[in-house]
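**Student:** Sequence unavailable; structure follows:
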């Protein structure tokens, strides 16, 4: 998936508060659908639907552990989302550094 | 970034600046227009000519357009001159403060020997951007502004 498309999908997927809640649960470790739905005000089929969207967005993956299907965060998916801002801050801080050093030089003159 | 530290919803950066702590703080908080990429990281319809942080807790962080309009980006959560600053990004569909949407940006200015300063940046709660994106889309879909921002970000990320 091209980076831009992938980021779009990741943002779309995380635009829903319930999906963000599901995603947050997975960040704590791999979980089955039943474990994710526990304590949430959402039915298991609804959780499955949210997992499907998160998976299509490349944010999570699924692993088969015996009879159980465990969902977990796909580190490369969320990374695409971060990469945007990561690159943005690299450039912006570099520009800030240049401006601060210029200001320091000006003051020393 | 070490794998053990990896938090997908937080970005951490650090930069060493050959400037005194006070100078670094001042350039960051008072002269943002000199270095912030206003050409492509802005919200309003007008060309942005300045980015302003009001110097107190609760102060606004906003851009000013060449037509005099302002668009708020967030607000000041912590104001500790010249060492620590926490800002929120909390732009919702009405350009109003919304505590449910904000992401947080923390800056630490650490004085080092002979007028050097280490500036550490932490941008956290990135998962909340999902919400913001949907709202921004609603506003900008017709004009494609959001799309342009996405492209600009993607270019930076892929460079």
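**Tutor:** Yep, that arrived. None of the values given here were measured: they were computed from a predicted structure.
**Student:** Show me the shaky parts of chain B.
**Tutor:** Applying pLDDT under 70 to chain B picks out residues B:1-8, B:40-42, B:91-101, B:127-159.
**Student:** how about the helices in it?
**Tutor:** Taking DSSP state H as the criterion, chain B carries its helices at B:21-30, B:129-140, B:145-158.
**Student:** Which parts of the shortest one count as buried, going by neighbours?
**Tutor:** It stands for helix B:21-30. By 16 or more other Cβ atoms under 10 Å in any protein chain shown, the buried positions in helix B:21-30 come out as B:21, B:22, B:23, B:24, B:25, B:26, B:27, B:28, B:29. (Glycine included, C-beta is placed from N, CA and C.)
**Student:** Is any residue of it near chain A?
**Tutor:** Yes: if you take Cβ under 8 Å from any Cβ of the partner chain as the test, helix B:21-30 does meet chain A, through B:23, B:24, B:26, B:27, B:28.
**Student:** Point out where chain A drops to low pLDDT.
**Tutor:** A:1-8, A:75-84.
**Student:** Please enumerate the strands of it.
**Tutor:** For chain A, the strands defined by DSSP state E occupy A:60-65, A:68-73.
**Student:** can you list contacts of the last one?
**Tutor:** Spelled out, it's strand A:68-73. For strand A:68-73, contacts defined as Cβ atoms under 8 Å, 6 or more residues apart in numbering or on different chains pick out A:23, A:26-27, A:29-33, A:36, A:51, A:55, A:59-64, B:8.
**Student:** do the same with the first one
**Tutor:** Taking Cβ under 8 Å, 6+ apart as the criterion, the residues outside strand A:60-65 that touch it are A:23, A:26, A:30, A:51, A:54-55, A:69-74, A:77.
**Student:** how about these in TSV, adding neighbour count?
**Tutor:** TSV is the format used below for the contacts of strand A:60-65 (neighbours: other Cβ atoms under 10 Å in any protein chain shown):
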residue	neighbour count
A:23	26
A:26	21
A:30	17
A:51	22
A:54	26
A:55	16
A:69	14
A:70	17
A:71	24
A:72	15
A:73	19
A:74	19
A:77	23
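**Student:** tell me the two of those residues that are most distant?
**Tutor:** The distance between the two most remote of the contacts of strand A:60-65 (Cβ to Cβ) is 17.8 Å, for A:69 and A:77.
**Student:** Which residues are in contact with residue A:55?
**Tutor:** Taking Cβ under 8 Å, 6+ apart as the criterion, residue A:55 is in contact with A:61, A:62, A:71.
**Student:** if we can go back for a sec, can the strands of chain A go into TSV with extra columns for distance to residue A:17?
**Tutor:** TSV is the format used below for these (distance: least, Cβ to Cβ, whole Å):
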stretch	distance to residue A:17
strand A:60-65	17
strand A:68-73	18
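**Student:** out of the ones you listed, nearest to residue B:85?
**Tutor:** With Cβ to Cβ as the measure, strand A:68-73 is the member of the strands of chain A nearest residue B:85 (30.3 Å).
**Student:** Contact partners for residue B:60?
**Tutor:** Going by Cβ under 8 Å, 6+ apart, residue B:60 touches B:52, B:53, B:54, B:72, B:74, B:75, B:76.
**Student:** hmm, try it at 10 Å
**Tutor:** Residues in contact with residue B:60 (Cβ atoms under 10 Å, 6 or more residues apart in numbering or on different chains) are B:52, B:53, B:54, B:70, B:72, B:73, B:74, B:75, B:76, B:97.
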